[in-house]
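Colleague: structure here, sequence nowhere to be found:
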């Protein structure tokens, strides 16, 4: 997910996206620890996406 795409979202959409990505991250970590995860790079991608969304969300809330 690109930062320019994230900046176009509203605050409500950003909050929903954060929850969605955190749920996906939980599932990926669960799969990683049980040995069923094939694409381990996806964990770091999702972590970075969560950080991007939270950064844009906090800047919109503080502005």
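Modeller: Looks like it arrived, so ask away. Because the structure is predicted, anything quoted here is derived from the model rather than measured.

Colleague: so residue 18 touches residue 53, yeah?
Modeller: Yes - taking contacts as Cβ atoms under 8 Å, residue 18 lies within contact range of residue 53: 5.1 Å. To be clear about C-beta, it is placed using only N, CA and C from the backbone, and glycine gets the same treatment.

Colleague: and those two? which has more neighbours close in?
Modeller: residue 53 (24 against 16; other Cβ atoms under 10 Å).

Colleague: residue 21 is in contact with that one, correct?
Modeller: Yes - under the criterion of Cβ under 8 Å, residue 53 makes contact with residue 21 at 6.5 Å.

Colleague: check which helices and strands the worst-scoring helix or strand of the chain on mean pLDDT sits against.
Modeller: Across the helices and strands of the chain, mean confidence by mean pLDDT, DSSP states H and E is lowest for helix 3-7: a mean of 90. Applying 3 or more Cβ pairs under 8 Å, 6 or more residues apart in numbering; DSSP states H and E, one finds that helix 3-7 makes contact with helix 41-62.

Colleague: OK, contacts around residue 50?
Modeller: By Cβ atoms under 8 Å, 6 or more residues apart in numbering, the residues touching residue 50 are 18, 21-22, 25.

Colleague: redo these as JSON lines? Include pLDDT.
Modeller: Conversion of the contacts of residue 50 to JSON lines gives the following (pLDDT from 0 to 100):
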{"residue": "18", "pLDDT": "97"}
{"residue": "21", "pLDDT": "98"}
{"residue": "22", "pLDDT": "98"}
{"residue": "25", "pLDDT": "98"}
